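Asker: Could you work out the structure for the sequence below:
(one chain, ligands or ions: 2)
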Amino acid sequence: MSGQIGDAQLALAYTGLHAPRNRNAASELDPVPQTPPPPVTALLLPNAEGIAMAAQTLREGGLVAFPTETVYGLGGDATNDLAVARIFEAKGRPRFNPLIAHVADIAAARRLTKWSDRAEAVAQAFWPGPLTLVLPLADAHGLSPLVTAELPSVAVRLPAHPLARALLAAVGRPIAAPSANPSGRISPTTASHVMAGLSGRIAAVLDGGPCSVGVESTILGLTEDQPALLRPGGVPAEVLETLLGQPLRRHAPGEAVSAPGQLASHYAPGARVRLNAHDCAPGEVLLGFGPMECALNLSPKGDLAEAAAALFSALHSLDALNPAGIAIAPIPDVGLGRAINDRLARAAAPR
Ligand code: TXA
Ligand code: MG
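Answerer: Ligands and ions are numbered 1, 2, ... in the order given. Reported below is the predicted structural model:
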């Protein structure tokens, strides 16, 4: 955890959330100003006070970005329609894609879904962790219909990050949380990425330092007879297939996207992205993998977990240089490499 900001700075940030507006005798007589000051997004420290402040804000319907082991999530109370609507508004999401309901424990996931033996087996093996399960929605679930986009199923996840777990326990309700980035842009893996994209649009960011996994959770569909890989992510598909003892269904080319939020163009930096590059064209910067000459290297020793953890930060940093393009070295398409290549293909897709 980083905790790089001092208490004075934190106190300053807190004033945006809770201090009453400064009013003196003179201003009581003056006309009330028409334009409200821009909202301040508080940066909360990863301690008991920060967690309590984040939990209170969420329970009151405010939005708080928080770290998970995959990426930072933009959290809102999943049982509160207004809070969930604000998530879409803050991200500028063009339509109501279903969101993942994050839960504090397996019991909470069982209450939201029609749980199954298969769900129990994968949850026991991979939760808490970077895996989301899509299951039929329970009859009395209590979630805002905006969370599920009125589908008969719901995505649930029990994250491993200690701050996410502490926050979920303190709130005591499921938290809807997409990645905490403006719609279509690179996902955030640090609090400063979140601030760069959403400052002034959300109440607070709980700063837990960089995310360890770096790509979003794997989404496993358990609504049909054959389990389906709806999105590759932090738990490699091969590992799930071994546990389940059967292959996962993957969507065929041309078939409708399986997870409705999986748009072709996503994770897009401002710069054009070129994949499988071995060198740079004029104006491009090269993002490397394995031993090579490049502007930035995802993992000089060719380690896929290290590369996944570095991926979004590297795209943010290179994009900040305003290059004509970002050229990216080939990444082996196995294990976590599949999740990396999935995100890179979307970053490079025509917009
Ligand atoms: O690692 C993660 O999963 C992060 C962290 C914050 O937990 N969250 C995340 O959320 O990536 P988001 O909203 O960016 O992606 C959620 C994906 C979307 O593609 C959405 O379409 C899919 O989950 N999804 C949600 N509910 C679904 C459902 N009922 N059926 C199929 N796909 C669903
Ligand atoms: Mg996202």
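Asker: Point out the residues in this protein that sit beside ligand 1.
Answerer: 68, 70-71, 73, 97-100, 132, 134, 148, 151, 153-155, 157, 159, 177-179, 216-217, 219, 230-231, 259-262 (C-beta under 6 Å from any ligand atom). Backbone N, C-alpha and C define where each C-beta goes, glycine included.
Asker: Out of those, which sit inside strands?
Answerer: Residues of those located in strands (DSSP state E): 73, 100, 132, 134, 153-155, 157, 219, 230-231.
Asker: what's the most distant pair in those?
Answerer: Gly73 and Ser153 (19.7 Å; C-beta to C-beta).
Asker: quick one: which of the two has more around it?
Answerer: The neighbour count for Gly73 versus Ser153, taken as other C-beta atoms under 10 Å, is higher for Gly73 (30 against 18).
Asker: wait, what's in contact with the residue nearest to the spatial centre of the chain?
Answerer: Nearest to the geometric centre of the chain sits Ser179, at 2.4 Å (C-alpha atoms, centre = their mean). Neighbouring residues of Ser179 by C-beta atoms under 8 Å, 6 or more residues apart in numbering: 71-74, 187-188, 216.
Asker: likewise Arg173?
Answerer: 58-59, 77-79.
Asker: Just the buried ones from those?
Answerer: 58, 77-79 (16 or more other C-beta atoms under 10 Å).
Asker: re the thing from before, for PyMOL, what selects the buried ones among the ones in strands among the residues of the chain next to ligand 1?
Answerer: To isolate the buried ones among those in PyMOL, judged by 16+ other C-beta under 10 Å, type:
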select buried, resi 73+100+132+134+153+154+155+157+219+230+231
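Asker: Helices of the stretch 51-200 of the chain, residue ranges please.
Answerer: For the stretch 51-200 of the chain, applying DSSP state H, counting those that start in this stretch gives helices covering 81-91, 106-112, 117-126, 145-148, 162-171, 191-198.
Asker: so how far is the second one off the chain centroid?
Answerer: What it means is helix 106-112. 21 Å (C-alpha atoms, centre = their mean, to the nearest Å).
Asker: go on, the shortest one?
Answerer: For helix 145-148, the separation from the chain centroid amounts to 17 Å (computed by C-alpha atoms, centre = their mean).
Asker: Return the set of buried residues in it.
Answerer: Those would be 146-148, for helix 145-148 by 16+ other C-beta under 10 Å.
Asker: Might you list the low-confidence residue ranges for the protein?
Answerer: Scanning the chain for pLDDT under 70 picks out the ranges 1-38, 94-96, 252-267.
Asker: Let's see that with 50 instead.
Answerer: 1-28 (pLDDT under 50).
Asker: coming back round to it: of the contacts of Arg173, which pair is most distant in space?
Answerer: Arg59 and Ala78, at 12.0 Å, using C-beta to C-beta across these.
Asker: show me the contacts for Glu49.
Answerer: Applying C-beta under 8 Å, 6+ apart, no residues contact Glu49.
Asker: Remind me which helix or strand it belongs to.
Answerer: helix 48-59 (DSSP states H and E).
Asker: Same check on Ser313?
Answerer: Here Ser313, judged by DSSP H and E, is contained in helix 304-320.
Asker: Give the buried residues for that helix.
Answerer: 304, 306-316, 318-319.
Asker: Can you get me a residue count around Gly337?
Answerer: Neighbours of Gly337 (other C-beta under 10 Å): 19.
Asker: what do you get for the one 4 residues further on?
Answerer: Applying other C-beta under 10 Å, we find 19 other residues in the vicinity of Asn341.
Asker: what sits against it?
Answerer: Per C-beta under 8 Å, 6+ apart, neighbours of Asn341: 331, 333.
Asker: Just say helix, strand or coil for it.
Answerer: Secondary structure for Asn341, judged by DSSP: H, G, I helix; E, B strand; the rest coil, is helix.
Asker: For stretch 47-66, measure first residue to last.
Answerer: Taking C-alpha to C-alpha, to the nearest Å, stretch 47-66 runs 13 Å from one end to the other.
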